[in-house]
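> missing the sequence, but the structure's below:
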């Protein structure tokens, strides 16, 4: 009796058909989901670009602030050096009469 074998064959064919349909639906759904993800990415892309630009600007501002700080410290150091030079010159000038007297 081949009836059970034939019946099983038809069930297998029906199952295969259902699996193909399910796979096709999944593919369609995945394409739709992918399209939705791409739309969302496109929608947020300007905000992401802006955030990257903001971060870059913040870094540039920090770098400029650091450079400014270094320049300020350099200028302060120059002022200290000038003050020291002026003090040394003043003391040398003050000592000049004594040195002339010693040289005689």
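Right, received. Where do you want to start? Only a predicted model underlies this, so the values are computations on that prediction, with no experimental measurement involved.

> what is the burial count for residue 76?
Residue 76 sits with 10 neighbouring residues when counted by other C-beta atoms under 10 Å. In short, each C-beta sits where N, CA and C put it, glycine included.

> the one 5 residues further on now?
Other residues lying near residue 81 total 10 when counted by other C-beta under 10 Å.

> what helix or strand is it located in?
Assigned by DSSP states H and E, residue 81 belongs to helix 3-103.

> show me what that helix is packed against.
If you count contacts as 3 or more C-beta pairs under 8 Å, 6 or more residues apart in numbering; DSSP states H and E, helix 3-103 packs onto no helix or strand.

> residue ranges with poor pLDDT in this structure?
Scanning the chain for pLDDT under 70 picks out 104.

> and with 80 instead?
1-2, 6-7, 70, 74, 99-104 (pLDDT under 80).

> look up how far residue 37 lies from residue 31.
Distance, residue 31 to residue 37, by C-beta to C-beta, to the nearest Å: 11 Å.

> what is the burial count for residue 32?
Residue 32: 10 surrounding residues under other C-beta under 10 Å.

> one more: residue 3?
7.

> ok, now how distant is it from residue 17?
For residue 3, the distance to residue 17 - C-beta to C-beta - is 21 Å.

> residue 26 now?
15 Å.

> and for residue 1?
Counting by C-beta to C-beta, the gap from residue 1 to residue 17 is 26 Å.

> more neighbours: which of the two?
When neighbours are counted by other C-beta under 10 Å, residue 1 and residue 17 differ, and residue 17 comes out ahead with 10 against 5.
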